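S.K.: just a sequence and a predicted model for now, questions to come.
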Amino acid sequence: MSDHCIDTGDIVLHRPSGERWLVAYVRDDRVAWCGWPEGEAQLTDCELITKASAQGKSKLLQQLADSNHDDARARYARWRLADQR
């Protein structure tokens, strides 16, 4: 599968680290992962492993938006959910 279809809730392999990440968001050429610490990586360094269902994506967006955090992931989720209304 091509990297351009990576989105919130998907599982990716970050090739440089060998880690599998749950994707919080993709913005332009950057991928943000769930977990700590907050951060981003190059989209081209990531390979799609598992595509999230629409329900899984919506659930993760809601969890991120409902969090007490005011980080980039929570702001992105709030923006996406507001944009869907």
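M.R.: Received the coordinates, thanks.

S.K.: what about stretch 58-70, average pLDDT?
M.R.: Stretch 58-70 comes out with an average pLDDT of 95.

S.K.: who's in contact with residue 56?
M.R.: residue 9 (C-beta atoms under 8 Å, 6 or more residues apart in numbering). For glycine as for every other residue, the C-beta is placed from the backbone atoms N, C-alpha and C.

S.K.: go on, residue 45?
M.R.: 14-16 are the contacts of residue 45 under C-beta under 8 Å, 6+ apart.

S.K.: narrow these to just the buried residues.
M.R.: Buried subset of the contacts of residue 45 (neighbour count, 16 or more other C-beta atoms under 10 Å): residue 14.

S.K.: among the contacts of residue 45, which are in strands?
M.R.: Of the positions in the contacts of residue 45, residue 14 sit in strands, assigned by DSSP state E.

S.K.: which of the contacts of residue 45 lies closest to residue 30?
M.R.: Using C-beta to C-beta, residue 14 comes nearest to residue 30 of those, at 12.3 Å.
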